[in-house]
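Novice: I'd like to go over a predicted model; first the sequence, then the structure.
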Amino acid sequence: MNIVLSNSFKNMRRAPFQALGSIFVLILTFTAAQAFVLLSLASQVLLHYFETRPQVTAFFTDQVEEQQILVIKEQIEALPYVSQTTYVSKAEALALYRQQNQDDPLLLEMVTADILPASLEVSAVSVNDLQTISDYLGTVSGVEEVVYQKDVIEALQKWTRGIRTGGLALVGFLVMTSLLITTILISMKVAQKRQEIRIVRLLGATPWFVRGPFLVEGAIYGLVSAFISWGILYTGLLYATPILVGFLGEIPLLPVSPIAMLWLLGGSSLAGATMGIVSGSLSTSRYLG
């Protein structure tokens, strides 16, 4: 194994520009792939956040008593696709209104608790159940209006699907390009040493002795590229977090968990080593056939 490692580093020292070219291409691939993974996770967190928020609100007429609303609340909570319901009384609605319009005294003077309706805020188990909840609340006696942020949810779902589809296509293209370029670069090194390979094979060298240095070289390219890409992405996230936290508000996207980033590094390293080994194997296969 020591001889294989020594030969691998010797190959890289003899052709440093080829090694750097392969690493740069892999860095681009892994940066895009890791960013795609983080964006996919962020979209899931975002969807879950909106799923657990009161997305469907039913406003009741003034003729409906509080006790009746609480009975309706219990009935709605028993539905399998409802995760949570919150009753907002007239007084609580007024307090929320005052908080939202505290900078406009004129609006505060014009509104009293009698004007604002009592309401039920309902959260769904899944974002796909929001329409079902909205339809159900529309049939409840005493409900004057049902507010459902349908456009926001549909737009969010479209963005999530678009990120996944576009990200997978981009990452797939970059992976294939990186494999091709790395294979070509290692193949050039193999071609330069083809006479030496034939000689050592005639002398009884094992396939691992011939193939090993190129497999290890490819794995090193992948590992180094994955680590550098991860470092660039994580550093950028750390610098951008204070700005993004203020923009996102209550949405719990940032800061990114260090454990999640370590898992991302581990997965990227494994993928990088695998890609490098595959490239090295393809490059040497014609000489060991």
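Specialist: Right, received. Where do you want to start?
Novice: Show me where the stretch 51-200 of the chain dips below the pLDDT cut-off.
Specialist: Scanning the stretch 51-200 of the chain with the threshold set as pLDDT under 70 gives 51-54, 97, 100-114, 150, 152-153, 197.
Novice: Please repeat the previous calculation with a cut-off of 80.
Specialist: Along the stretch 51-200 of the chain, the model assigns pLDDT under 80 to residues 51-55, 90-116, 125-128, 148-161, 163-164, 167, 185-200.
Novice: Okay, strands next: where are they in it?
Specialist: Under the criterion DSSP state E, counting those that start in this stretch, the stretch 51-200 of the chain contains strands at 56-60, 82-88, 119-124, 143-148.
Novice: want to throw the ones you listed into a markdown table with distance to residue 19?
Specialist: Just so you know, the C-beta spots here come from the backbone N, C-alpha and C atoms, and that holds for glycine as well. Listed next are these as a markdown table, based on distance: least, C-beta to C-beta, whole Å:
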| stretch | distance to residue 19 |
| --- | --- |
| strand 56-60 | 58 |
| strand 82-88 | 53 |
| strand 119-124 | 53 |
| strand 143-148 | 57 |
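Novice: For this protein, identify the residue most remote from the centre.
Specialist: residue 203 (52.0 Å; C-alpha atoms, centre = their mean).
Novice: For that one, give me its contacts.
Specialist: Going by C-beta atoms under 8 Å, 6 or more residues apart in numbering, residue 203 touches no other residue.
Novice: i'd like the first residue to be 46 from this point on
Specialist: All right, first residue 46 from here; so that's residue 248.
Novice: pLDDT value on it, please?
Specialist: pLDDT recorded at residue 248 is 72.
Novice: quick one on the thing from earlier: please produce CSV containing the strands of the stretch 96-245 of the chain, extended by distance to residue 316 and mean neighbour count.
Specialist: CSV is the format used below for these (distance: least, C-beta to C-beta, whole Å; neighbours: other C-beta atoms under 10 Å):
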stretch, distance to residue 316, mean neighbour count
strand 101-105, 41, 23
strand 127-133, 36, 16
strand 164-169, 36, 22
strand 188-193, 42, 17
